[in-house]
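>>> Any chance you could fold what I've pasted below:
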Amino acid sequence: MDRDQPNERPSKYVVPTGSGYLGTYTVSTDRTVTISTAALGDRDWPTDTAHAIDHDDGIALVPRLESAESLAEYTLCRRFTGARIAVGQVVIDALELSRGDDVRVYDLERVDARAGLLLVEADDDPRLATDGGLEDESRPAAEQ
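Down below sits the predicted model:
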């Protein structure tokens, strides 16, 4: 099958995501989500505090409050060379999630050039790249 054909079906093993995707986490039975070192990566998180703020696409976790009002404040847990943030019920309620639902985490810097993480409901992810990625300006609009 020609890879340039727009009718090609995506692999059933590929989970569609958007730009800046870092991982998917599941809401636990105590209605929290623990975001691991894998998502935090080598980010420079200048404080031990993460502030949850409203974002157009979901909830953003930012290291500093600039002008937005904080929905909740969480402590960054550091251990050895890793770190994690356990996000609580305020964020889970704001995203309208239940136990067992999935949360996708994105790099906020890739979304709107701010330090932090963006949390969105996986079943209604507004960040999905439905066209397979960036628009190809060399193809006519009807083929995109």
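>>> For stretch 89-102, the averaged confidence score.
Mean pLDDT, stretch 89-102: 93.
>>> how about that stretch: buried residues?
Judged by neighbour count (16 or more other Cβ atoms under 10 Å), stretch 89-102 contains these buried residues: 91-92, 94-95, 97, 101. Every residue, glycine included, has its C-beta placed from N, CA and C.
>>> Mind putting those into CSV with distance to residue 25 and secondary structure?
Below are the buried residues of stretch 89-102 laid out as CSV (distance: Cβ to Cβ, whole Å; DSSP: H, G, I helix; E, B strand; the rest coil):
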residue, distance to residue 25, secondary structure
91, 12, helix
92, 11, helix
94, 16, helix
95, 12, coil
97, 11, coil
101, 10, coil
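>>> Just give me the closest of those residues to residue 51.
Nearest to residue 51 among the buried residues of stretch 89-102 is residue 91, at 10.9 Å by Cβ to Cβ.
>>> give me the low-pLDDT residue ranges for this structure?
Scanning the chain for pLDDT under 70 picks out 1-16, 37, 41-44, 66-68, 80-82, 129-144.
>>> Could you say which helix or strand holds the spatially most central residue of the chain?
With distances taken as Cα atoms, centre = their mean, residue 105 lies nearest the centre of the chain, 2.1 Å away. Residue 105 belongs to strand 102-107 when assigned by DSSP states H and E.
>>> rewinding a little: the residue nearest to the centre of the chain pairs with what?
Judged by DSSP bridges, the bridge partners of residue 105 are residue 23, residue 119.
>>> if I look at it, how far off is residue 89?
Distance, residue 105 to residue 89, using Cβ to Cβ, to the nearest Å: 18 Å.
>>> Kindly report the same for residue 115.
Distance, residue 115 to residue 89, by Cβ to Cβ: 24 Å.
>>> Then residue 29?
Residue 29 is 12 Å from residue 89, by Cβ to Cβ.
>>> With residue 116 instead?
Residue 116 is 20 Å from residue 89, where distance means Cβ to Cβ.
>>> Now do the helices for the chain: every range, in order, please.
Secondary structure of the chain by DSSP state H: the helices cover 37-40, 89-94, 108-112.
>>> Okay, buried residues for stretch 117-127 please.
Applying 16+ other Cβ under 10 Å to stretch 117-127 flags 117-122, 125, 127 as buried.
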